[in-house]
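Q: sharing a sequence plus its predicted fold:
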Amino acid sequence: MRRSTRRDRAIAVVSGAVASLLALAGCSFDQHVEVDTPTQAEASLPEETVTQLQDAVTQAMGFTGSSGAIVGVWAPWSGSWITGLGTELPDGSGEVTPELQFRAGKVTRAMTCDILYKVAAEGLVKLDDSVAEYVAGVPDLAEVSLAELCDGTSGIGSFAGQLYSSWLTNPARKWDPRYLASFGLGQPRDTEPGVAYRDSDAGYVLLGLALERATGRSAAQLIDAYIADPLDLSATRLAALDAESALDGGQSMPGPEGALDCAQRLDLTAASSTMGFTDAGVVTDIDDLGRYAQALATGALVQNEDRFAEPLPPAPDAPSWYTMGGGAVQAGSLVGQFGKMPGYITAAFSDPETGLTVAVVLNNSAADGSVGAYLAWQLAAIASKAPAAEGQTTPEAGLPWTPEQYRDAIAAAAVCTPPAPQ
């Protein structure tokens with residue numbers, strides 16, 4: 001693995017010192033970033049398309065036990081659909097509106113990688129720097145680079161599967177990121193760095209710690225400076241949800257007989273964001289999430305063609321159109337992320353060529369996080385066929401799946417029985 005030269009490191013040190021002095025001096029620059037997507041038609045999506053989209057979200061709500069959902073679909077050639085569906089609580093109270101905030105979940109991974117590439121462009125780090133240069137106490141990671149943490153090819157394991165039950169029983173607990181990472185580091189590593197993809201929340205937490213050390217700024221400050229401020233994402237931050245503006249989220253738990261009680265839910269709205277840190281700790285709203293997905297797909301924040309150049313399949317049997325790299329998921333022509341954190345299942349994807357963008361959140365985390373991707377892909381397949389508005393042209397490019405394919409995948413992943421139609 002290529003390592004930085006002494007000259008490279010000297011340049012990085014000088015650049016970092018200059019950046020730090022400017023920050024300390026209170027200097028600021030207009031860092032606003034434009035997202036280069038096709039002009040969005042001002043109209044709403046056609047009624048027939050909206051009906052199909054709403055039916056898809058409603059079905060997913062039923063199969064996941066979600067009382068509410070927020071969804072945004074933008075098809076620049078046709079129109080948009082941004083709405084809240086259902087209620088915040090299972091008892092039917094609390095109207096869901098699209099401005100409510102929620103956990104962005106694994107979308108945080110892509111943001112953390114954005115920061116890595118931005119900081120590298122500033123000369124504060126190099127992509128092939130060793131993790132051990134910035135994170136103390138991990139000498140066995142000397143051959144793992146910062147870029148490999150971002151790509152998910154470090155070989156490090158994950159902590160969520162080991163700690164998830166603790167998050168449910170003690171959601172208010174504050175978690176130290178090093179403690180979280182230790183659970184992933186404690187798992188056996190059976191591949192060399194850079195060889196294969198392995199889902200690793202611990203890797204993104206370690207990357208966040210390294211970036212904090214390299215920049216002298218907290219992870220929350222980095223999200224503000226490199227993500228939220230340049231993109232004007234007013235609701236996006238690495239912090240706890242504000243109860244006054246949050247979509248209530250929770251998880252159905254087993255009843256006395258062992259089956260999930262989908263009529264009740266453990267409230268997890270106020271769960272600590274520290275359980276996610278730079279892997280899954282960001283909160284956002286649907287407009288911000290859609291705009292971020294567009295920025296990620298188009299490279300608005302990071303102008304580096306190498307970031308997504310060599311993606312890897314997440315599993316040996318994955319479809320050829322489904323790959324991982326650069327902190328993002330590539331699904332056909334879509335780029336985005338998906339996953340779950342206690343209380344929420346979230347997904348966001350965008351096509352850099354057509355501008356087609358989908359963002360969605362379900363407010364029950366009982367189902368597998370893959371349901372978020374399935375729903376986003378189902379919605380994208382529906383919206384991709386939306387007729388063009390006057391003066392517009394429907395894009396020719398298609399997606400390598402059908403709406404029915406992921407409707408069935410969501411049904412197969414069901415944890416609850418949808419209520420009978422009224």
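A: Received it, and whenever you're ready, just let me know what you need. Everything numeric here is computed off the predicted structure, so don't read it as measured data.

Q: which residues of the chain fall in helices?
A: Using DSSP state H, the helices assigned to the chain run over residues 6-24, 47-64, 107-121, 146-151, 160-169, 177-185, 201-215, 219-223, 229-231, 277-280, 286-298, 370-383, 403-412.

Q: among those, which is the most enclosed?
A: When you average the neighbours per residue for each of the helices of the chain (mean count of other C-beta atoms under 10 Å), helix 277-280 leads with a mean of 28. Every C-beta, even on glycine, is put in place using the N, C-alpha and C of the backbone.

Q: with just CA atoms, put it into PDB.
A: C-alpha atoms of helix 277-280 as PDB (Å, rounded to 0.1, in the frame of the first residue of the first chain):
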ATOM      1  CA  PHE A 277     -21.600   8.900  15.700                       C
ATOM      2  CA  THR A 278     -20.000   9.200  12.200                       C
ATOM      3  CA  ASP A 279     -21.600   5.900  11.000                       C
ATOM      4  CA  ALA A 280     -25.300   6.800  11.600                       C
END
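
Q: contacts for that helix, please.
A: 103-106, 108-109, 112, 175, 177, 180, 201-202, 204-205, 207-209, 211, 219, 238, 339, 341 (C-beta atoms under 8 Å, 6 or more residues apart in numbering).

Q: so Val119 sits right up against Leu211, yeah?
A: Yes - with contact defined as C-beta atoms under 8 Å, Val119 reaches Leu211; the gap is 6.1 Å.

Q: what is in contact with these two at once?
A: Among the neighbours of Val119, those also in contact with Leu211 (C-beta under 8 Å, 6+ apart) are Val125.

Q: got the contact list for Val50?
A: Ser44, Trp81.

Q: what pLDDT does it get?
A: Confidence at Val50, expressed as pLDDT, is 98.

Q: that older thread, among the helices of the chain, which is nearest Leu266?
A: Distance to Leu266, taken as C-beta to C-beta, is lowest for helix 160-169 among the helices of the chain, at 6.4 Å.

Q: packing partners of the closest one?
A: Judged by 3 or more C-beta pairs under 8 Å, 6 or more residues apart in numbering; DSSP states H and E, the packing partners of helix 160-169 are helix 177-185.

Q: got a list of contacts for the helix it packs on?
A: Under the criterion C-beta under 8 Å, 6+ apart, residues 137-138, 156-159, 162-163, 200-203, 205-206, 208-209, 274-275, 277-278 lie in contact with helix 177-185.

Q: pLDDT (mean, whole number) over it?
A: For helix 177-185, the mean pLDDT works out to 98.

Q: may I have that helix as PDB, with CA atoms only?
A: Taking C-alpha atoms only, helix 177-185 is exported to PDB below (Å, rounded to 0.1, in the frame of the first residue of the first chain):
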ATOM      1  CA  PRO A 177     -17.100   6.100  19.900                       C
ATOM      2  CA  ARG A 178     -13.900   4.200  20.900                       C
ATOM      3  CA  TYR A 179     -16.000   1.800  23.000                       C
ATOM      4  CA  LEU A 180     -18.400   1.300  20.000                       C
ATOM      5  CA  ALA A 181     -15.500   0.600  17.700                       C
ATOM      6  CA  SER A 182     -13.900  -1.900  20.100                       C
ATOM      7  CA  PHE A 183     -16.700  -4.300  19.400                       C
ATOM      8  CA  GLY A 184     -16.000  -4.300  15.700                       C
ATOM      9  CA  LEU A 185     -12.300  -4.400  16.200                       C
END
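
Q: for burial, what's the neighbour tally of the nearest residue to Leu85 once chain neighbours are set aside?
A: Nearest residue to Leu85, sequence neighbours excluded (C-beta to C-beta, 6 or more residues apart in numbering): Ala69, at 4.8 Å. If you count neighbours by other C-beta atoms under 10 Å, Ala69 ends up with 26.

Q: mind listing the residues bridging to Ala69?
A: Per DSSP bridges, the residues bridged to Ala69 are Leu85, Leu362.

Q: distance-wise, check the residue sitting nearest the centre point of the chain relative to Thr51.
A: Nearest to the geometric centre of the chain sits Val107, at 1.1 Å (C-alpha atoms, centre = their mean). Distance check for Val107 against Thr51: by C-beta to C-beta, to the nearest Å, it reads 28 Å.

Q: how many neighbours does Val195 have?
A: Per other C-beta under 10 Å, the neighbour tally for Val195 reads 11.
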